[in-house]
Structure formats: structure tokens, C-alpha cells
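Q: sequence first, then the predicted structure:
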Protein chains: 2
Amino acid sequence: MSKKENIKKCAIALFQQYGYKSVTADMIVNEAKVSKGLLFFHYKNMEGLISEIMLDWLIPKWELMIALDLKNLPLKKCIEKIFELSKTGLDKQKSQYKLYFSIMLNEPNFISKLNLENNEVYKKMLACLHSIYESRNVENAESELILFNTTLMGAEMSYCIHTQEVGDYFYKTTKEMFLKRYELDTTN
Amino acid sequence: MSKKENIKKCAIALFQQYGYKSVTADMIVNEAKVSKGLLFFHYKNMEGLISEIMLDWLIPKWELMIALDLKNLPLKKCIEKIFELSKTGLDKQKSQYKLYFSIMLNEPNFISKLNLENNEVYKKMLACLHSIYESRNVENAESELILFNTTLMGAEMSYCIHTQEVGDYFYKTTKEMFLKRYELDTTN
């Protein structure tokens, strides 16, 4: 593992253990056994480090969503597949999701710091999401997408803050009830 | 203000400034200018302090929901009123919401630590929520309530993590799109 990768790995472990607001540059360089100079050579500042950690996690998630290849599926099936993809991620990486939400809540305008407007994978994933509704001539396509995003985030949060059993149940119920919205869909 | 109230006030300010995981008992007693003995005389431990801070905030919210008196309103109107009540809270207490979500994400099984099964206001609020669906003979009443809770939490999260303008827009859109679910309701 390169020293840069090792810094990142140590930072993630510390963030997950202490909450990301408690972790200082000193703690990271102690854990990674590197100089502070090297930390700030690889990452402009703590924000840069956190952004890179989050993008390392988000980009593969977006790539998986693009790879679902939803073009020719009925609307209901598209939504179902995204819920399922997200659930697989939650089951495998619950603590990463918690870290992600914690950062979003505590770091003002964190999303804008990710410079997503220049991120090709993000733009492709977003186009993919938009096309689910737009290519099927859904009324209020943009608003439907917002509702879907909000509901999915609520389900993910609900999974993260409850015990495994309750979280699983709430996620599954939310998915099934939301899918009813598209039961009458005959556009595809 | 009593010393106990002052401890709580100082703790809230520190939690909001540094993130609740970074705040130690020492920081709180320094800020409140009291002894550690007094802190732990009033609160068994840090968890007890955090629970009380959260309940101080949650109980008035639940009381407002109970006071909405939704019994005789159409289902759609009930849901709309709860969305609006929550939005008023968000506008006035965004940082409290953020703190609440952060604690839920980072403190394992925090909900169980609140001992809600013995909390009369909580039980009344829950009965009130259940009755919205049950008294109107909605199919899958329990699942509808889960979907509503998840969607509302998603909308609150979305409001908290975005800029004011985007957060307002996402909240409003989610509310309006979700209400369409009950447009055909004629049970009341």
C-alpha cells in the first residue's frame, strides 16, 4: 500500500472510531506513522482528505448504478433495482454510510466541496437517474425524482439508526410501499 | 437559570460547535464553571445528559403534534399538517435537528436509551400517528405509517444537508408529491 493510501486508511478507521469531527491531523499522522508534511503534500487540507475518502466510496456506488443498465426495464423494476443495490451497499458498508451522513450533516455545504459538476461518473449517474423518469414520459419527472431520492435517503437513514432487525424491516416496507406508486405504470 | 439548566445549555452549545463526539465532561464543566461532581450528580453519565437534551427537544415537538388534533380531518390534510409542523421546527431549529440525526447515527441504539416505552407523551403521539391511518380504514395502515415516517425523515435530512434554497425546494417537492398518494382519499 502506498503511503498516501495508508494515510487514507488510517483516517477512515479513526473517523469511524471517534466521529470525524474529533479527528485531528495529528491523530492521523501518528496512526499512519508519517510526517504532517507528507499528509498535507498528498491532501491540501483535512477537507481535501475527507472529500477524497467520500469520493472513493461514492464513485464505485455510482458506477454500479450506471451498470444496472435500466434503459429497457419498466419504471417499477428500475426503482426496485436501485433500492436493492442500495440495500446491498448498506449491508456491506453500514459504517461508511453513517460516516457519509454524519459528514453531510456537520460539514456545511459538503456536497459543493466535492466539485461534482466536474465529475464524469457523477454526471453519468445523474443522467441515468433522470432518464428513468424522462424516457418514460412520467408526469412531473423532476419532482418524481426528488421524491424518490428523498424516500431512498430516508430508508437508508432509517436502516442506519435502528437495530439490524428493525432497520431491515423499515427498509423493506418503505421499498414495497413506494413501489406501489408505479404499479399501474404501463409506459414500458 | 439553575446550575443544572446551565450545564445543559453549555453542553448543547459545545455539542453544536464541536460535534457531540468531541465534547468531553471536562469541556462541559469548564464552560459551565461547575465541578465534575455536580455534573455527574445531575446526570448519571454523558449518555444521560445527551438523552435529557434530546428529550427536552423531542417532547415539545410531540406535544405540538398531539395538539394538531387530527381526528376529524381528511387523511391528506393530516399528513400535510404534520409536514408543515415539521418544516416550522426545521426552520427554527436546524442545528438541533442536525445534532439529533448525528447522535442517532453515531450512538448505537440511541433510541432504546431514551426509554420511550415509559414516556407518556411519546406513547400519546404514537397513538395519534397510528390513528391517522387506522381510524380511516386505510389498507396496510402500519406499512403506510412506516412509509410516511421514512419519507418525512428523508425530507428532514434533505433539508439539513443542503443549502437553504435547495433544502426548501426538496422539502416542498417531497411534501407535494407524497400528498398525491392521498388525493383520491374519500374516507373522510
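A: That came through fine.

Q: so which bits of the helix or strand bottoming out on mean pLDDT in chain A are buried?
A: Within chain A, no helix or strand scores below helix A:110-113, which has a mean of 87 by mean pLDDT, DSSP states H and E. By 16 or more other CB atoms under 10 Å in any protein chain shown, the buried positions in helix A:110-113 come out as A:Phe110. Every C-beta, even on glycine, is put in place using the N, C-alpha and C of the backbone.

Q: could you list the domains of chain A?
A: Domain segmentation of chain A under automatic domain parsing yields A:1-43, A:46-180.

Q: quick check: residues of chain A near chain B?
A: Residues of chain A found near chain B (CB under 8 Å from any CB of the partner chain) are A:18-22, A:98, A:101-102, A:104-106, A:109-112, A:140, A:143-144, A:146-147, A:149-155, A:157-158, A:160-163, A:170, A:173-174, A:176-178, A:181.

Q: helices - which of the residues you listed land there?
A: For the residues of chain A next to chain B, the ones inside helices are A:18, A:98, A:101-102, A:104-106, A:110-112, A:143-144, A:146-147, A:149-155, A:157-158, A:160-161, A:170, A:173-174, A:176-178, with DSSP state H as the criterion.

Q: how about chain A: which residue is closest to chain B?
A: A:Gly154 (2.6 Å; CB to the nearest CB).

Q: ok, that residue - contacts?
A: Shown in contact with A:Gly154 (CB atoms under 8 Å, 6 or more residues apart in numbering or on different chains): A:Thr174, B:Asn149, B:Thr150, B:Thr151, B:Leu152, B:Met153, B:Gly154, B:Ala155, B:Met157.

Q: now flag whichever of those is closest to B:Glu31.
A: Nearest to B:Glu31 among the contacts of A:Gly154, counting by CB to CB, is B:Met157 at 29.2 Å.

Q: against B:Lys21, how distant is the residue positioned nearest the centre of chain A?
A: For chain A, the residue nearest the mean C-alpha position is A:Leu58 (5.1 Å; CA atoms, centre = their mean). Taking CB to CB, to the nearest Å as the measure, A:Leu58 and B:Lys21 are separated by 23 Å.

Q: what comes up buried for stretch A:21-34?
A: Neighbour-count burial for stretch A:21-34 [16+ other CB under 10 Å]: A:Lys21, A:Ser22, A:Val23, A:Met27, A:Ile28, A:Val29, A:Glu31, A:Ala32, A:Val34.

Q: in chain A, where is pLDDT below threshold?
A: A:184-188 (pLDDT under 70).

Q: mind running it again at 90?
A: In the predicted model, chain A carries pLDDT under 90 at residues A:1-2, A:15-24, A:44-47, A:69-72, A:106-113, A:133-139, A:180-188.

Q: quick one on the thing from earlier: could you look up the next helix or strand downstream of the least confident helix or strand of chain A?
A: helix A:120-134 (DSSP states H and E).

Q: now do that following helix: which elements does it pack against?
A: helix A:46-67, helix A:75-92, helix A:141-161 (3 or more CB pairs under 8 Å, 6 or more residues apart in numbering or on different chains; DSSP states H and E).

Q: what's the angle between that helix and helix A:46-67?
A: 40 degrees (axes from the mean of the first three to the mean of the last three CA atoms, to 10 degrees).

Q: alpha carbons of helix A:120-134, in PDB - could you do that?
A: Output in PDB follows, covering the C-alpha atoms of helix A:120-134 (Å, rounded to 0.1, in the frame of the first residue of the first chain):
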ATOM      1  CA  GLU A 120     -17.800  12.500 -15.100                       C
ATOM      2  CA  VAL A 121     -19.100   9.400 -13.200                       C
ATOM      3  CA  TYR A 122     -21.500  11.600 -11.200                       C
ATOM      4  CA  LYS A 123     -22.800  13.300 -14.300                       C
ATOM      5  CA  LYS A 124     -23.400   9.900 -16.000                       C
ATOM      6  CA  MET A 125     -25.100   8.500 -12.900                       C
ATOM      7  CA  LEU A 126     -27.400  11.600 -12.700                       C
ATOM      8  CA  ALA A 127     -28.300  11.400 -16.400                       C
ATOM      9  CA  CYS A 128     -29.100   7.800 -15.800                       C
ATOM     10  CA  LEU A 129     -31.400   8.600 -12.900                       C
ATOM     11  CA  HIS A 130     -33.100  11.400 -14.900                       C
ATOM     12  CA  SER A 131     -33.700   9.200 -17.900                       C
ATOM     13  CA  ILE A 132     -35.600   6.600 -15.700                       C
ATOM     14  CA  TYR A 133     -38.400   9.100 -15.400                       C
ATOM     15  CA  GLU A 134     -38.000  11.200 -18.500                       C
END
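
Q: chain center to it, what's the gap?
A: 15 Å (CA atoms, centre = their mean, to the nearest Å).

Q: what does that helix rub up against?
A: Helix A:120-134 is contacted from outside by A:58-59, A:62-63, A:65-66, A:68, A:70-71, A:75, A:78-79, A:116-117, A:141-142, A:144-145, using CB under 8 Å, 6+ apart.

Q: roughly how far is stretch A:43-57 from the heart of the chain?
A: On CA atoms, centre = their mean, the centre of stretch A:43-57 falls 14 Å from that of its chain.

Q: what comes into contact with it?
A: For stretch A:43-57, contacts defined as CB under 8 Å, 6+ apart pick out A:7-8, A:11-12, A:15, A:20, A:25, A:28, A:39, A:93, A:96, A:100, A:103, A:107, A:110, A:113-114, A:119.
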